[in-house]
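Trainee: fold the following and give me the result.
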Amino acid sequence: MGDRLYGLAWFPYPAGTYAEYLTVPAYHLAPMPRSASFVEAACFPMAALTAWQMLEAVEARAGRQVLISGASGGVGHLAVQLAVARGATVTALARPDHHATLHELGAHTCVDYTDPAAVTASGKFDAALDLVGFDFGASLFDHVTPGGAIALATAWSIEGYRDAAAQRGIRVASCLVEPDPIALATVSELVDSGAVRVVVGAEFDLSHAAEAQRWVKDRRGFGKAAIVVNTPERT
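Mentor: The predicted model follows:
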């Protein structure tokens, strides 16, 4: 009673989390980071677990070169930090005005994704995380070395990419995030150690949830959007 917990409830099934109260299976929860506010903690589960499971899929570890598209987004900026925490060398694709922050978060190299020549010149990588999809995601296949791997955040897109992966001799993994309290406990440890932090790019009251969705869809801000209930306990 009174424990501070966080988690990814029920996903991919409906959970009704745009609400002040809800029921959640205990095995979907983990102790939230002691150093995080409730708003910050709420931003971690889906984004951090998506990043964690994608990094697991491509075996990101020390000595591996990892390319991350959409690196300034909610999942992307956490993927950068989690990859670095795993010992990988990270190249982040993002708009130039976000490069300074990504370097602060641990990215070794930042590339302007709107500059095709710069993206082409970024080289080859052992692994890539596609957090953008569509035609841009398909172009990342040319940046993974034979024997490497690419993880897709959009599970439905894998069928269209199987041939591209086979032609290049790379492995493709489709990652639909699922609850994982053990991984979340590790994320909590990394947050409390200072290795990982969430950037809350915008906060929206529960009554303005639609605006939060538009903020995310716009892809202009940095980090995560948070939907909050304005009560004293939320901090």
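
Trainee: only C-alpha atoms for contact and neighbour calcs from this point on.
Mentor: Will do.

Trainee: check which helix or strand covers V172.
Mentor: In the assignment (DSSP states H and E), V172 maps to strand 171-174.

Trainee: strand partners of that strand, parallel vs antiparallel please.
Mentor: strand 144-152 (parallel) (DSSP bridges).

Trainee: in the helix or strand following the strand it pairs with, what counts as buried?
Mentor: For strand 144-152, the following helix or strand on the C-terminal side (DSSP H and E) is helix 158-168. Residues of helix 158-168 classed as buried: 158, 161, 164-165, 168 (neighbour count, 16 or more other CA atoms under 10 Å).

Trainee: from those residues, which is closest to S174?
Mentor: I158 (6.0 Å; CA to CA).

Trainee: what pLDDT is listed against A226?
Mentor: Looking at A226, its pLDDT stands at 94.

Trainee: check the secondary structure at it for me.
Mentor: At A226, secondary structure determined by DSSP: H, G, I helix; E, B strand; the rest coil is strand.

Trainee: spatially nearest residue to it, not counting backbone neighbours?
Mentor: In space, and not counting its chain neighbours, A226 is closest to E203: 4.7 Å by CA to CA, 6 or more residues apart in numbering.

Trainee: which residues does the nearest residue to T89 once chain neighbours are set aside contact?
Mentor: Among residues not flanking T89 along the chain, Q65 sits closest, at 4.9 Å (CA to CA, 6+ apart). By CA atoms under 8 Å, 6 or more residues apart in numbering, the residues touching Q65 are 88-91, 125-127.

Trainee: now swap in V66 and tell me
Mentor: By CA under 8 Å, 6+ apart, the contact set of V66 is 60, 83, 88-91, 125-129.
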